[in-house]
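Trainee: 3D model of this:
(one chain, ligands or ions: 1)
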Amino acid sequence: MSFQPPKGVDDIHLPESGIWRRVLTAWEEWSERFGYPLIITPIFESTELFERGVGDTTDVVTKQMYTFEDKGGRSITLRPEGTAGVVRAFLDSGAQGAWKAAYSGPMFRYERPQKGRNRQFYQVGVEYLDVEAPMADIEVIELGYRYIEDVGVEELELRINSLGDATCRPVYLENLRQFFKDIEEDLCDDSVALIDRNPLRILDCKVCADVVGDAPSMTDFLCNECQAHYDAVKRGLDTVGIPFIEDKKLVRGLDYYTRTAFEYIGIGLDAAQNAVGGGGRYDGLAESIGGRRAPGVGFALGIDRIVLALGEQPGEPELDIYVVSETTPADALPLVSALRRGGLAVDFDASGRSVKAQFKSAAKSGAPTTVILHGQGQDVSVRIEDDRHEIPLQEVVNWLISHK
Ligand code: HAM
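Mentor: Numbering: from 1, shown residues only. Alright, predicted model coming up:
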């Protein structure tokens, strides 16, 4: 009997995993550069956290959660996204005032699997809490943009919108409801069912795209505060030189958003899965999960989709040196260990295969340098591309480190 992974989940190995490693390493660098410390939250949380946080009319909560009862009779859900858990952890910590966190890890949604849409997928993201000022939105949006651009996604487009707040959104929603009621016979069944419950989601419906074109836009209903916030975000993006497109139909699939909403689009990807990331402001989320008022803004990026957008890439060699031993692996071990402690990425053949087989592995590894150990206590040959150097064994570690 043999096993495959369950439907909608993948193994990731070479050569693709080489790109994953590069992209995840770049994430550590960029999130640190913008001052976001790492947070690690549980992969599963109580189901109620997502029902109350993400919203119980969203597809994510009503259709896509992996929910089960644990042996203690508690309802548990594998996290479908990271924000609700991070905000819970923030409230739990008792922190006051500006608070930042960066996270990465697998998320789980029971979706119809297709290219770029998996049931287990990997997100990196940040949350910036307890700051209401638009400066936080600008910083967050810039971080995501710079990172995606730096890892090499071409044809990147930033789309932004404002979803208003508790003052102006209800007025807009009433107008939107009336608009949809008037054209109800032209809408699909799913959209009709959403008119009373969550009319914003209809703007996102692919089937009804043609008939929702004339629907009123939130940005025409913004109250003064929301308008000022939105204008400040756009000015800030101009200041840091981030191009954006205002997309009045951008609503996002999670219920917690207020004011700023945005998506990073990889134009080269299939349209249904071309959002490589998205985020926005969620000033009411902390209260909706039982905490104090704590405004926040953040994003999450889909690493599976970013890697897809990068396409096939020549793998960069991960090794600096491959050590070939003309005698036994045991003779090579002290040298290999010393080089690794010296900070070099080194591999060798542990199984005692022939010298010829070891040279083949050296070539396959892509390591630019091969070190040939002739025997315990003897000089070693160092081959860097076509150059060959004979070096005394006791000097070779320093020699290689200085020639890296
Ligand atoms: P989201 O838009 O649901 O937002 O997901 C963010 C990104 O995760 C998407 O743009 C996409 O790249 C990726 N993604 C989502 N679902 C899948 C899937 N089934 N397969 C592959 N990739 C997927 C959030 O999750 C929010 N928590 C973002 C946020 C953070 N908002 C504020 N702070």
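Trainee: Contacts for stretch 40-54, please.
Mentor: 60-61, 65, 67, 74-89, 103, 105-106, 254-256, 285, 288-290 (C-beta atoms under 8 Å, 6 or more residues apart in numbering). For glycine as for every other residue, the C-beta is placed from the backbone atoms N, C-alpha and C.
Trainee: Next one: it, is it in contact with the ligand?
Mentor: No - judged by C-beta under 6 Å from any ligand atom, stretch 40-54 and the ligand are separated, with a smallest distance of 8.1 Å.
Trainee: What are the buried residues along that stretch?
Mentor: T41, E45, T47, L49, F50, E51, R52, G53, V54 (16 or more other C-beta atoms under 10 Å).
Trainee: What of stretch 280-299?
Mentor: 280-286, 288-289, 294-299.
Trainee: ok, and which of those residues reach the ligand?
Mentor: G280, Y282, G298, F299.
Trainee: before we move on, the earlier item: which of the contacts of stretch 40-54 are buried?
Mentor: 60-61, 65, 67, 77-89, 103, 105, 254-256, 285, 288-289.
Trainee: so is whichever residue of the stretch 101-250 of the chain sits closest to the ligand in a helix, a strand, or just coil?
Mentor: Among the residues of the stretch 101-250 of the chain, F121 lies nearest to the ligand; the distance is 3.4 Å by C-beta to the nearest ligand atom. The three-state label given to F121 by DSSP: H, G, I helix; E, B strand; the rest coil is strand.
Trainee: Now it: closest residue in space that isn't a chain neighbour?
Mentor: Nearest residue to F121, sequence neighbours excluded (C-beta to C-beta, 6 or more residues apart in numbering): D304, at 4.9 Å.
Trainee: Now that neighbour. Its backbone dihedrals?
Mentor: Torsion angles at D304 (phi, psi; degrees, to the nearest 10) stand at phi -60, psi -40.
Trainee: That one and G116 touch, don't they?
Mentor: Yes - in this structure, D304 is within contact of G116 by C-beta atoms under 8 Å, at 6.5 Å.
Trainee: Let me see the ranges of the helices in the stretch 1-150 of the chain.
Mentor: 16-33, 47-53, 59-63, 83-93, 134-151 (DSSP state H, counting those that start in this stretch).
Trainee: out of these, nearest to G8?
Mentor: helix 59-63 (13.8 Å; C-beta to C-beta).
Trainee: Contacts for the helix or strand that contains A286, please.
Mentor: With secondary structure defined by DSSP states H and E, A286 is part of helix 285-288. Helix 285-288 has contacts (C-beta under 8 Å, 6+ apart) with 52-53, 83-84, 87, 90-91, 129, 256, 292-296.
Trainee: Between those, which sits nearest the ligand?
Mentor: Out of these, the member with the shortest distance to the ligand (by C-beta to the nearest ligand atom) is T83, at 3.9 Å.
Trainee: Where does the protein get nearest to the ligand, which residue?
Mentor: Closest residue of the chain to the ligand, C-beta to the nearest ligand atom: G302 (2.3 Å).
Trainee: For that residue, list each beta-bridge partner.
Mentor: Q123 (DSSP bridges).
Trainee: Provide a list of residues in contact with it.
Mentor: G302 neighbours (C-beta under 8 Å, 6+ apart): G116, F121, Y122, Q123, A275, V276, G277.
Trainee: Quick check: the farthest pair among the residues you listed?
Mentor: Y122 and A275, at 14.8 Å, using C-beta to C-beta across these.
Trainee: The stretch 151-300 of the chain against the ligand: which residues are in contact?
Mentor: G253, L254, A275, V276, G277, G278, G279, G280, Y282, G298, F299, A300.
Trainee: Over to the stretch 1-150 of the chain?
Mentor: Going by C-beta under 6 Å from any ligand atom, the residues of the stretch 1-150 of the chain near the ligand are E81, G82, T83, R109, E111, G116, R117, N118, F121, Q123, G125, E127.
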